[in-house]
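1. dropping the sequence and predicted coords here.
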Amino acid sequence: MTITKQLGKILFKNRSYTPIPFVILMIIFQKATLASILIGFAVVVIGELFRYWGVVYAGSATRTTSGVGANQLIVSGAFAHLRNPLYLGNILIYLGIGIMSMALFPYLQIIALAFFIFQYFFIIAEEEEFLTKTFGKKYEEYKINVPKLFPRISAYKTKDTKNQPLKLKAGLKSERRTLQAIVIISLIIIFTFIFS
């Protein structure tokens with residue numbers, strides 16, 4: 001197994017925990033202003049909307065940490081515009097929280113952004129290897145036509161494309177932990193700003 005593959009597996013398995021040190025530093029060293037809270041929160045909301053748009057099509061399979069896997073190739077909704085809407089959403093959420101807190105600005109935000117781009121580079125490589133093996137030419141065609149992290153304007157469609165079902169309630173249930181974390185961290189930053 002190559003180092004790239006090993007790193008991809010480790011980062012995939014622990015991707016829910018890697019933001020924690022950055023969030024702790026952002027809370028401890030926060031220097032929020034009203035403007036930073038409003039701008040940062042807007043970035044967080046945009047990030048969460050990308051996540052939710054992806055989750056309502058991909059479902060709870062996005063929560064797995066046991067290993068990379070998929071029983072179908074999702075190409076509807078956000079996945080018709082970019083291949084990794086949840087990862088773009090996560091990057092925007094972490095960036096938004098960094099802007100809200102203004103902790104060690106801009107160094108901590110730049111380091112965090114660089115780390116998450118590094119992390120997702122390896123995770124995406126691991127996932128793409130699996131998807132190529134599993135779905136073959138269908139995935140390769142999708143990969144050529146749909147950007148990795150920067151959305152294309154028009155939705156990707158082929159003559160064989162069938163819209164996958166939209167699962168709003170299941171998506172909301174799957175996003176419950178992410179939404180709880182966003183609310184808790186945002187409230188800590190806001191209360192610290194108000195009472196400091």
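-> Structure received.
2. show me the shaky parts of this structure.
-> For the chain, the stretches flagged by pLDDT under 70 are 60-70, 161.
3. what packs against the longest helix along it?
-> In terms of residue count, the longest helix belonging to the chain (DSSP state H) is helix 107-145. In this structure, helix 107-145 makes packing contacts with helix 3-13, helix 20-28, helix 85-101, judged by 3 or more C-beta pairs under 8 Å, 6 or more residues apart in numbering; DSSP states H and E. Bear in mind the C-beta positions are built from the backbone N, C-alpha and C, glycine included.
4. for the very next helix or strand once past it, buried residues please.
-> Once helix 107-145 ends, the next helix or strand along the chain (criterion: DSSP states H and E) is helix 168-174. Within helix 168-174, the residues that qualify as buried are 171, 174, counting by 16 or more other C-beta atoms under 10 Å.
5. for the host helix or strand of residue 40, name the packing helices and strands.
-> Here residue 40, judged by DSSP H and E, is contained in helix 34-58. Secondary-structure packing of helix 34-58 (3+ C-beta pairs under 8 Å, 6+ apart): helix 85-101, helix 168-174, helix 176-195.
6. quick one, that helix and helix 107-145 angle?
-> Orientation of helix 34-58 against helix 107-145 (axes from the mean of the first three to the mean of the last three C-alpha atoms, to 10 degrees) gives an angle of 30 degrees.
7. mind checking how far helix 34-58 is from the chain centre?
-> With C-alpha atoms, centre = their mean, to the nearest Å as the basis, helix 34-58 stands 10 Å off its chain's centre.
8. that one versus helix 20-28: what angle between them?
-> Calculated by the same axes, to 10 degrees, helix 34-58 forms an angle of 150 degrees with helix 20-28.
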